[in-house]
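**Q** My questions concern the predicted model and sequence given below.
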Amino acid sequence: MTQKSGTPLNDHITPEQLFFARRKFIRLAAIFGTAYALAACEIEPKTGLSLTPTATPANLQDTLTPEESINHFNNYYEFSFSKNDVADLAKNLKTSPWQVEISGLVGNPMTIDAKELITRYPAEERIYRLRCVEGWSMVIPWYGFPLNRMLKDLDIQKDARYVRFTTLYDPDQMPGQKSSSFEWPYVEGLRLDEAQHDLTLLVWGVYQKPLPPQEGAPLRLVVPWKYGFKSIKSIVKIELVAEQPATFWSSYNQAEYGFYANVNPNVAHPRWSQANEYRVGETGQRPTLMFNGYENEVAFLYEGMDLKENF
Ligand code: MTE
């Protein structure tokens, strides 16, 4: 990845602050159709979420990044290396039917359509910061469910220590996969305790709508305290494994992209500082926060670890 410069931004769009209102969920249910509506309707009774900005530990005072920017400023190398092209090039990705294989060291392996998986777990809204290793960030209103809800249903075997995620491999639909510069498909991994952390989400929606293809439809991971490249898109496989899995970016350049990839202003990327970031849609730079601002929630996962060595 290269540090990016120009952006197709519209910073005049008013952030959709009224997003939190209950009535919008009714609209969401209508937009998503019956299957998704079921999930949306379960938000209140099952989770008791107040649907206010205090519902998650993220700093929700941050201004939301406009939807237009979120959807037209994307990293998705299966389609393009240029952020501005992805939305157009990905628009015909066939995201239904979409089988997700859940396998490996589990007592209950399954292959399930993404739509069915989504409706199994109550939907939550989570407004998270996304900090890319390239030095930009956004604040994004996601819909999804904590991965740990699904993991609980798998009867995880005692040898399982990591979770490995795989993106669709289909060079006909994803022309970037014809490039021999990378090892396809895109793969990512988390330590099991990271995967079980309540902030780790499986995401199927953004800004009250199903994910558009460029955002990783129909199902992606979002791990807000890690650099954005851990948040793998368009997942077709989730495996519980014993050994630390290879990941797309560390296979490409191990010296530059570590397995942990925790946002850390004190550990520079070999080619640039990580001390500051540019918030898409704003001017100037702001200091990058340890663990992207989620230090209170996640620092315990790394107690005793050298975060420079385990970058
Ligand atoms: N997942 C896949 N399959 N392919 C990718 O190229 N890019 C990653 C991540 N997930 C990527 C991916 C990177 S580098 C970032 S910063 C985020 O997706 C960008 O997510 P966004 O386009 O939703 O902002």
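**A** Thanks, I have it.

**Q** burial measure for the nearest residue to Gly216 once chain neighbours are set aside, as a count.
**A** Distances taken as C-beta to C-beta, 6 or more residues apart in numbering place Lys233 nearest to Gly216, at 2.8 Å, with adjacent residues excluded. (Each C-beta comes from the backbone N, C-alpha and C, glycine too.) Using other C-beta atoms under 10 Å, Lys233 has 26 neighbouring residues.

**Q** quick one: contacts for the residue of the stretch 201-311 of the chain found nearest the ligand?
**A** Closest contact between the stretch 201-311 of the chain and the ligand, by C-beta to the nearest ligand atom, is at Gly228 (2.7 Å). Taking C-beta atoms under 8 Å, 6 or more residues apart in numbering, we find Gly228 in contact with 75, 130-133.

**Q** Next: Val223.
**A** Contacts of Val223 by C-beta under 8 Å, 6+ apart are 190, 194, 199-201, 230-231.

**Q** switch to 10 Å and redo it
**A** Val223 makes contacts with 128, 130, 147, 188, 190, 194-195, 197, 199-201, 230-232, 261-262, 292, 294, 298, as judged by C-beta atoms under 10 Å, 6 or more residues apart in numbering.

**Q** Just those: which are in strands?
**A** 128, 130, 188, 190, 201 (DSSP state E).

**Q** Now do the strands in the stretch 101-250 of the chain.
**A** Applying DSSP state E, counting those that start in this stretch to the stretch 101-250 of the chain gives strands spanning 110-113, 124-131, 136-146, 162-167, 187-191, 201-206, 209-210, 220-222, 235-241.

**Q** got a winner among the contacts of Gly228 for most neighbours?
**A** Counting by other C-beta under 10 Å, top hit in these: Arg131 with 25 neighbours.

**Q** show me what contacts that residue?
**A** Neighbouring residues of Arg131 by C-beta under 10 Å, 6+ apart: 137-138, 224-228, 263, 265, 274, 277, 279, 288-289, 291-293.

**Q** Alongside the ligand, which residues does this protein contribute?
**A** Residues of the chain lying close to the ligand by C-beta under 6 Å from any ligand atom are 74-78, 130, 132, 167, 186, 215, 228-229, 231-234.

**Q** before we move on, back to that, where's the residue of the stretch 201-311 of the chain closest to the ligand relative to Glu309, distance?
**A** Noted for Gly228: a distance of 22 Å to Glu309, by C-beta to C-beta, to the nearest Å.

**Q** confidence score at the closest residue to Tyr294 other than its chain neighbours?
**A** Closest residue in space to Tyr294, ignoring its immediate chain neighbours: Trp225 at 4.1 Å, by C-beta to C-beta, 6+ apart. Predicted confidence (pLDDT) at Trp225: the value is 98.
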